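*Asks:* following is a predicted model, sequence given first.
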Amino acid sequence: MGTRNYRRKTSHSEHGPGDGGRTGSWRVERPVLDKSLCIPCKRNTEACFICWLFCPDVVISRTIPPKIDLEYCKGCGICAEECPTKAITMVDEAQFSDEDKDKE
Amino acid sequence: MHIIENGNVAAALGVFLCRANVIAAYPITPQTPLTEKLSEYVESGEMKAEYIPVESEHSALAVCIAASSAGARSFTATSANGLLYMHEQIQWAAGARLPIVMCVVNRAVGAPWNVWNDQQDSISQRDTGWIQIYCSDHQQIIDSVIKAYWLAEKVSIPIMVCYDGYILSHTYMPFDVPDQEQVDAFLPPFKPDYALNTEEPANLNTVTLPDVRMDVRGELAHGYMEIRYLLHEEMRTTLTVALEAEKRFADIFGRSGDPYIEPYLCDDAQYVAVGLGSLTYQLRVSVDALRKEGIKVGVMGVRFYRPFPDAAIANALKGKKGVIVFEKALSYGYEGTLASDLKSALYEHLAGTDTLPVVQNFILGIGGRDIRTEDLTRTLRAAIKDRISQEPVWIGLKL
């Protein structure tokens, strides 16, 4: 291990881009959010965020509107399944051109 | 305070005094009274800990792994098939470097079903990266639990405290229960380098690759092989740290001994019987009998089985004519594991000298087959007279 000065004795890392590997390329279907159906707030108070809560990869932000990080989203579809207003639909990746492959 | 109690209660009192925060266990004979006792302490409010009933041993250790990752001092206990059911999590706890302490109340493993004592269960977990300590009486059980927490937390390696089912777990004998103040002075609160918390989130034990790679900060993080090497290397260093534990323990509790081995009448002995756990105390009776016949024989208990104190063992057996290893477990298809390890230590340290003893191996007490002291004495006498066999010999077989 030579001059390396890595203190940890275990596999230990911080949450951040790149650490888990960019898994977005695994995706077959992409979640697309229809902002007109999304209900993130009610009487100016944060409300729903079911997608944020259920996403197993923590790639949906707790913001208005919620943002999906497509670099990591594996396209599991749990958000679309759980969304109470059906604001998220899963769309075949083949529908998107190469240019917007990496864009939201 | 001296009390008369059974071995399971001795272990429970050790856990109580160490102020374990989380206890998760699934009852299995002969460990059951230990977990029952701990649940009573928690239920009555005497012990401020979280007792988590689980649906299996696999879950019991999974709970301890999670609790320990969050900075809680964790305890579990099991026996036989329960231990085997934990196997995957046992390896995980070691690789994750979590200082969990587990009592293994030794019992035979199925099939066929058998609830009596031998040591095949913990011996089969020898290569999992856990420290293994074997106890010979109730005082050693309670003291080992207390020392185990200090040692485990010092080196970040989990520890199995093993003691014989029924022979120790269900028999009553007097032992000293240390004061809470003494234990508090010996064992500071558990403060890991990192404990899971929402302020400072982390990914623990996520996938590693065959080679090293950059982490989020651009630092070159360890690969799997580095992490596993460190576990091995620090297991070896534990032998030194164990001496420090023993010294600290002696300073506070006024009791001490060799942490690795427990020799009895070995100094002038020409022949030494070796074993793990309570069997070595029974062997002392045979040794006393043979000494009266003028046979220079001693007995040595091995207390630390992993990390293996090879140098201490070779040093203690150097120049002896013969070593007779008695075991309640074996590596099927070869011989007793202690005999193999011991021969390897002797070869490593004494090969090429004229101090290399002849080693004989006896297997006995499998599945709780009664071990009669007369049989031990007779076997020792015969083995000293002449080498019986190069193969391990089973005592008490009725074929």
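*Replies:* Done, it's in.

*Asks:* in a strand, that's where residue B:23 is, yeah?
*Replies:* Yes. The assignment for residue B:23 by DSSP: H, G, I helix; E, B strand; the rest coil puts it in a strand.

*Asks:* which SS state does the closest residue to chain A within the stretch 101-250 of chain B fall under?
*Replies:* The minimum distance from the stretch 101-250 of chain B to chain A, using C-beta to the nearest C-beta, falls at residue B:216 (3.7 Å). For the C-beta atoms, the positions are set from N, CA and C on the backbone; glycine is no exception. Look at residue B:216: counting by three-state DSSP, its state is coil.

*Asks:* now swap in residue B:76 and tell me
*Replies:* strand.

*Asks:* wait, it touches residue B:23, no?
*Replies:* Yes. Residue B:76 is within contact range of residue B:23, at 7.1 Å (criterion: C-beta atoms under 8 Å).

*Asks:* those two: who's more crowded?
*Replies:* Under the criterion of other C-beta atoms under 10 Å in any protein chain shown, the comparison of residue B:76 against residue B:23 puts residue B:76 first, with 34 against 29.

*Asks:* so who does that one touch?
*Replies:* B:23-25, B:57, B:60-61, B:63-64, B:100, B:102 (C-beta atoms under 8 Å, 6 or more residues apart in numbering or on different chains).

*Asks:* which of those ranks first by neighbour count?
*Replies:* Most neighbours among those, by other C-beta under 10 Å: residue B:61, with 32 neighbours.

*Asks:* who does the helix or strand where that residue lies touch, helix- and strand-wise?
*Replies:* According to DSSP states H and E, residue B:61 maps onto helix B:57-69. Packing partners of helix B:57-69 (3 or more C-beta pairs under 8 Å, 6 or more residues apart in numbering or on different chains; DSSP states H and E): strand B:22-25, strand B:74-78, helix B:80-85, helix B:87-95.

*Asks:* pick the most buried one from the ones you listed.
*Replies:* Of all the helices and strands packed on helix B:57-69, strand B:74-78 has the most neighbours on average by mean count of other C-beta atoms under 10 Å in any protein chain shown, namely a mean of 32.

*Asks:* partners of it, with directions?
*Replies:* Taking DSSP bridges as the criterion, strand B:74-78 forms sheet pairs with strand B:22-25 (parallel), strand B:101-106 (parallel).

*Asks:* angle of that strand against helix B:87-95?
*Replies:* Calculated by axes from the mean of the first three to the mean of the last three C-alpha atoms, to 10 degrees, strand B:74-78 forms an angle of 150 degrees with helix B:87-95.

*Asks:* model confidence over strand B:74-78, on average?
*Replies:* Strand B:74-78 shows a mean pLDDT of 98.

*Asks:* any idea of the angle it forms with helix B:57-69?
*Replies:* Using the same axes, to 10 degrees, strand B:74-78 lies at 160 degrees relative to helix B:57-69.

*Asks:* ends of stretch A:11-29, how far apart?
*Replies:* With C-alpha to C-alpha, to the nearest Å applied, stretch A:11-29 spans 31 Å between its terminal residues.

*Asks:* TSV for the strands paired with strand B:74-78, including mean pLDDT?
*Replies:* Conversion of the strands paired with strand B:74-78 to TSV gives the following (pLDDT from 0 to 100):
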stretch	mean pLDDT
strand B:22-25	98
strand B:101-106	98
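
*Asks:* I'd like the ones you listed as CSV, with distance to residue B:362 appended.
*Replies:* What follows is the strands paired with strand B:74-78, written out as CSV (distance: least, C-beta to C-beta, whole Å):
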stretch, distance to residue B:362
strand B:22-25, 34
strand B:101-106, 18
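
*Asks:* low-confidence ranges, chain A, go.
*Replies:* A:1-5, A:16-21, A:98-104 (pLDDT under 70).

*Asks:* centroid residue for the chain?
*Replies:* No chain was given, so I picked chain A. residue A:59 (2.7 Å; C-alpha atoms, centre = their mean).

*Asks:* I was thinking of chain B, sorry if that wasn't clear
*Replies:* residue B:133 (2.4 Å).
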